[in-house]
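Chemist: Sequence first, then the predicted structure, then my questions.
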Amino acid sequence: MENKIAILLTTFIRDQLLFKTLQSIIENYTSDCILLIVDQGYSSEEKKITIEYTQSQIPCKYYTIPFDSGLSYARNFLVNKAKELEISYCLLMADSLQFMKEYDFSSYINFLENNTEAGIVGFDLDNYGTWRGNLELIPNKYFYIDISKETHIIYKDLILQPVDHVSNIFLAKTQTLIENPWDDELKLMEYEDFFWRLKTNTKYKVYWTDRLQFHYTKNRNNEYEQYRNRATREFRKLVEQKYKIKRWVYCTPAFLKFVRKPHAKKEI
């Protein structure tokens with residue numbers, strides 16, 4: 001079967017978490033997907049064996065890039081590989097997100113195919129607050145995040161909520177990500193920048209559904225945590241300088257309460 005979806009999996013110095021995620025994908029593989037992995041960490045014999053095993057089970061390509069190239073660079077690298085392979089859709093995920101069952105993406109592909117301005121459909125996390133809502137830039141102040149006030153839309157069997165941003169588990173048109181790449185200068189803290197430029201510089205709209213759920217595993221070893229902590233120390237300042245704001249982000253209390261609500265298990 002033709003590969004319609006490239007699963008974009010980024011990983012960085014969390015090998016045991018990567019192995020867990022790969023196993024979840026193998027066990028719940030969707031036949032019209034190809035897995036594309038980009039690794040900006042270390043090589044190891046255990047990883048080599050695991051990748052070879054994965055490639056023996058499902059369509060999979062594995063790439064390495066220079067150490068600590070950054071999350072934005074890694075994602076853009078995979079999007080360009082998907083384009084080279086002429087794959088029309090990308091499922092963005094990471095080594096911390098696991099498949100829970102075999103997913104049927106056909107309804108979402110149909111929605112994206114038949115709506116020229118639809119660019120992204122975000123999915124739910126079963127055990128973690130799903131970051132979705134409205135995003136505004138208040139000049140000289142901050143990014144302002146609030147609950148979406150948009151009315152849900154119905155498309156065939158789908159119920160979708162229009163939003164400005166979703167968590168980093170979503171299905172997108174490859175062309176959307178080509179036209180709106182992540183900023184390579186932002187190794188971290190790339191989130192608001194990406195979705196704000198998508199909202200203001202492109203025609204593409206973002207939607208969210210809780211029909212499909214994935215699982216999030218928090219696993220930060222000491223070395224990974226040191227690199228991750230640069231987000232607020234270093235890269236937040238780059239975002240503030242780029243947008244000439246005094247503070248990175250303001251989330252309304254209503255939004256924070258909303259996204260932190262426990263999620264009920266969904267029939268997926």
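Modeler: In hand now; what should we look at?

Chemist: In the protein, where is pLDDT below threshold?
Modeler: By pLDDT under 70, the low-scoring segments of the chain are 1-3, 129, 260-268.

Chemist: Do a quick rundown of the helices in the stretch 51-200 of the chain.
Modeler: 71-84, 106-113, 174-179, 191-201 (DSSP state H, counting those that start in this stretch).

Chemist: which residues are contacting the third one?
Modeler: By Cβ atoms under 8 Å, 6 or more residues apart in numbering, the surrounding residues in contact with helix 174-179 are 6, 75, 79-80, 82-83, 87-90, 92, 119-120, 198, 202, 204. All C-beta spots, glycine's among them, are computed from the backbone N, C-alpha and C.

Chemist: So among those, which ones count as buried?
Modeler: 6, 75, 79, 82-83, 87-90, 92, 119-120, 198, 204 (16 or more other Cβ atoms under 10 Å).

Chemist: In contact with the spatially closest residue to residue 73 that is not a sequence neighbour, which residues?
Modeler: With sequence-adjacent residues excluded and distances taken as Cβ to Cβ, 6 or more residues apart in numbering, residue 73 is closest to residue 184, at 4.8 Å. The contact partners of residue 184, by Cβ under 8 Å, 6+ apart, come to 70, 72-73, 76.

Chemist: if we can go back for a sec, with the buried ones among the contacts of helix 174-179 in mind, which one is nearest to residue 43?
Modeler: Nearest to residue 43, judged by Cβ to Cβ, of the buried ones among the contacts of helix 174-179 is residue 75 at 20.9 Å.

Chemist: Roughly how far does the closest one sit from residue 246?
Modeler: 28 Å (Cβ to Cβ, to the nearest Å).

Chemist: now the residue nearest to residue 73: how far from residue 8?
Modeler: 16 Å.

Chemist: Likewise for residue 196?
Modeler: 21 Å.

Chemist: try residue 41
Modeler: 16 Å.

Chemist: higher neighbour count, those two?
Modeler: residue 8 (24 against 20; other Cβ atoms under 10 Å).

Chemist: Off-centre distance for the particular helix or strand that has the more buried one in it?
Modeler: Residue 8 belongs to strand 5-11 when elements are defined using DSSP states H and E. Counting by Cα atoms, centre = their mean, to the nearest Å, strand 5-11 is centred 9 Å from the centre of its parent chain.

Chemist: after it comes which helix or strand?
Modeler: helix 15-27.

Chemist: name the helices or strands packed onto the following helix or strand past that next one?
Modeler: Moving toward the C-terminus from helix 15-27, the next helix or strand (DSSP H and E) is strand 33-39. Applying 3 or more Cβ pairs under 8 Å, 6 or more residues apart in numbering; DSSP states H and E, we find strand 33-39 packed against strand 5-11, helix 45-57, strand 60-64, helix 71-84.

Chemist: Of the ones you listed, flag the one that's most buried.
Modeler: strand 5-11 (a mean of 24; mean count of other Cβ atoms under 10 Å).

Chemist: ok, and what's touching it?
Modeler: 17-18, 21, 25, 30, 32-41, 71, 74-75, 78-79, 81-82, 85, 87, 89-95, 105, 109, 171, 174.
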